[in-house]
Every structure is written in C-alpha cells, then in structure tokens.
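J.: Let's see this in three dimensions:
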Amino acid sequence: MQNPLAFVIAISHIAAAIALLNGLLVPLGQGNVAANAVAAIGRQPEAKGTITTTMFIGCGLAETSGVYGLLVAMILIFVNPLLSRYAPQFIEAGAQVGAAILPFLG
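T.: Sure thing, here's the model as predicted:
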C-alpha cells in the first residue's frame, strides 16, 4: 500500500455507498408492507383501523433504517474519524470530494 490516505478515502467512500444502498431498499420494503396492508383490509374491512395503524408503525420503523444509513454515509464522507488519524490537513479535501460524489450516490 503506497498511500494509506488514498486507501482510507477510497474505502470510506465505498462504505458510504454501501450504507446508501440501504436507502434504495427501504422503499421496496415499505411498498411490500403497504401492499400487504391493502390486501389485509380487502379481506377484513372491519379491521381497517388496526391494520392501518400497524402499517404506519412498520413504515416508520423501516424509514429509520434508511435515515441511519444516510447518517452513516454522511459521517464516513464528511467527518471520517480515520482521516484525522492519518492526515488532518486533508480532511477538508476529503469533505470536498465527498460533497462532489454524494449527489451521484443518493
């Protein structure tokens, strides 16, 4: 490994991209929850209130997973505690690179 700083930056951006993949999968799960809730309401219309409440709680819990993934990605790109260990002077440069790449990831 010739340049440990470049390696840390590259691995951090790959990890941030993996964390943002969570945000792509959350809507699929929420769509599945909503589809199953509609099917359940169709089978038992009298339980509409209970099913709807449970659906909204489930969607809220699923959404927190996506928010946590976004939070981890932003920490890895902008704050990155590993960069401060190797080269404090490059933290701002890493933040600028992350700011340039982030719109393409999410």
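
J.: Pick out the residue nearest the middle of this protein.
T.: For the chain, Gly69 is the residue whose C-alpha lies nearest the centre (CA atoms, centre = their mean; 2.6 Å).

J.: State the distance from that one to Ile77.
T.: To Ile77, Gly69 is 13 Å away according to CB to CB, to the nearest Å. (Each C-beta comes from the backbone N, C-alpha and C, glycine too.)

J.: thinking again about what came up before, apart from its chain neighbours, what residue comes closest to the residue nearest to the centre of the chain?
T.: Leaving aside its sequence neighbours, Gly69 sits nearest to Asn22 (CB to CB, 6 or more residues apart in numbering; 3.3 Å).

J.: Pull out the buried positions in the helix or strand that contains Leu24.
T.: Here Leu24 sits within helix 4-43, counting by DSSP states H and E. By neighbour count on 16 or more other CB atoms under 10 Å, the buried set for helix 4-43 is 5, 8-9, 12-13, 16-17, 19-20, 22-23, 26, 29-30, 33, 37, 40-41.

J.: average model confidence for it?
T.: In this model, helix 4-43 has a mean pLDDT of 86.

J.: Quick check: what element follows it along the chain?
T.: helix 48-74.

J.: Tell me how far that next one lies from the chain's centre.
T.: Averaging C-alpha positions (CA atoms, centre = their mean, to the nearest Å) puts helix 48-74 12 Å from its chain's average.

J.: Can you list the buried residues in that helix?
T.: Applying a neighbour-count criterion of 16+ other CB under 10 Å, one finds 51, 55, 58-59, 62, 66, 69-70, 72-74 buried in helix 48-74.

J.: Packing partners of it?
T.: helix 4-43, helix 91-105 (3 or more CB pairs under 8 Å, 6 or more residues apart in numbering; DSSP states H and E).
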